[in-house]
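Q: sequence-free structure coming up:
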């Protein structure tokens, strides 16, 4: 990806972020950054991992959720500010994404984001030069790890940054956390529990999702901490509109569906990766 393309996507994101409380669509954003809407759609989706429409919707719903918890504005006011023409339309999509009505969400009083502002790595390596080195995370990696989390937070319902920081410190202390970097930028990270046989966090920077980062991290865990063991992971249930591709990626990596769960009041599903079969060297 050239620097010019990165600058164009960054300009589009900046425009969206500055106009979140207005009615936004692809035509509006494309005109603002002087780009063909078809070219912008292709570049944006390829870089950010979701379409401009989905990014706008998820950002506006996140800001709406924040207002529901931290303001006394009426729900209809919040709906209109989020770009919806009626409270009914807003309630329908909000419930599809958050699994609660706006009123229930307000009453529960716990804010979590669907999507935070996407910050691009302005100087990514080309795929052919992408380093595939994986290392165990160290305490010095914590600031970069926490800079990475907002980029992938949409893949983890109810992820709270403060609690995640404390959890990440514990995983790192136990040598149960991995990172992969592109220069100073963390492009993939994993946290796991050897005792429970589970991967509790596996995420890839959206700009690098086509570079085999998740596959490399999983292969490392299969060959080292989980050698010869079954591995479990939890993710969105099938058909969840809030899922931006996490479930599909895990299944592509070989995980199979297991039991349905509810975590922090959110419907999820456990996926299982069977133990890697050792090749029979005797033929």
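A: Alright, I've got the coordinates. This is a predicted model, so every value here is computed, not measured.
Q: elements contacting the longest helix out of those in the chain?
A: Taking DSSP state H as the criterion, the chain has its longest helix at helix 52-70. The contact analysis (3 or more Cβ pairs under 8 Å, 6 or more residues apart in numbering; DSSP states H and E) places helix 52-70 against helix 3-18, helix 26-32, helix 37-48, helix 75-81, helix 87-98, helix 102-108. Every C-beta, even on glycine, is put in place using the N, C-alpha and C of the backbone.
Q: so which bits of the second one are buried?
A: Using 16 or more other Cβ atoms under 10 Å as the test for burial, helix 26-32 gives 26, 28-30, 32.
Q: between those residues, which is nearest residue 185?
A: residue 29 (25.4 Å; Cβ to Cβ).
Q: that closest one contacts residue 14, correct?
A: No. Contact criterion Cβ atoms under 8 Å: residue 29 and residue 14 do not qualify, at 10.3 Å.
Q: for residue 99, phi and psi?
A: Reported as degrees, to the nearest 10, the phi and psi values for residue 99 are phi 70, psi 20.
Q: that one contacts residue 268, doesn't it?
A: No. Using Cβ under 8 Å, residue 99 makes no contact with residue 268, being 10.4 Å away.
Q: which residues touch residue 119?
A: Counting by Cβ atoms under 8 Å, 6 or more residues apart in numbering, residue 119 touches 150-151.
Q: let me know the secondary structure of it.
A: coil (DSSP: H, G, I helix; E, B strand; the rest coil).
Q: ok, it to residue 151 distance?
A: From residue 119 across to residue 151, the span is 7 Å (Cβ to Cβ, to the nearest Å).
Q: in this protein, which ranges drop under the pLDDT threshold?
A: 1-3, 126-132, 277-283 (pLDDT under 70).
Q: and the gap between the most centrally placed residue in it and residue 249?
A: For the chain, the residue sitting closest to the mean C-alpha position, by Cα atoms, centre = their mean, is residue 152 at 2.9 Å. In this view, residue 152 and residue 249 are 12 Å apart by Cβ to Cβ.
Q: which neighbours do the two share?
A: residue 204.
Q: the residue nearest to residue 105 when sequence neighbours are not counted: neighbouring residues, count only.
A: With Cβ to Cβ, 6 or more residues apart in numbering as the criterion, residue 105 has its nearest non-adjacent residue at 5.4 Å, and that residue is residue 68. Using other Cβ atoms under 10 Å, residue 68 is surrounded by 23 other residues.
Q: didn't residue 68 look like it was pressed against residue 106?
A: Yes. Between residue 68 and residue 106 there is a contact at 4.4 Å, judged by Cβ under 8 Å.
Q: parallel or antiparallel, which strands does the helix or strand encompassing residue 257 pair with?
A: Per DSSP states H and E: residue 257 is located in strand 256-263. In the sheet, strand 256-263 lines up against strand 266-273 (antiparallel) (DSSP bridges).
Q: how far out from the middle of the chain is the strand it pairs with?
A: 16 Å (Cα atoms, centre = their mean, to the nearest Å).
Q: how close does the residue nearest to the centre of the chain get to residue 174?
A: 22 Å.
Q: just residue 56 next, same as before
A: Distance from residue 56 to residue 174, by Cβ to Cβ: 40 Å.
Q: more crowded one of those two?
A: residue 56 (22 against 14).
Q: ignoring the adjacent residues along the chain, who's closest to that one?
A: residue 24 (4.9 Å).
Q: next one: phi and psi at the one you found?
A: Dihedral angles (degrees, to the nearest 10) for residue 24: phi -120, psi 140.
Q: which parts of the helix or strand in which residue 247 is found are buried?
A: Assigned by DSSP H and E, residue 247 belongs to helix 246-252. Judged by neighbour count (16+ other Cβ under 10 Å), helix 246-252 contains these buried residues: 246-247, 249-250.
Q: now swap in stretch 217-236 and tell me
A: For stretch 217-236, a neighbour-count test (16+ other Cβ under 10 Å) marks 217-218, 220-222, 225-226, 231-236 as buried.
Q: contacting residues around the spatially closest residue to residue 273 that is not a sequence neighbour?
A: In space, and not counting its chain neighbours, residue 273 is closest to residue 231: 4.4 Å by Cβ to Cβ, 6+ apart. Residues near residue 231 by Cβ under 8 Å, 6+ apart: 197-199, 221-222, 272-273.
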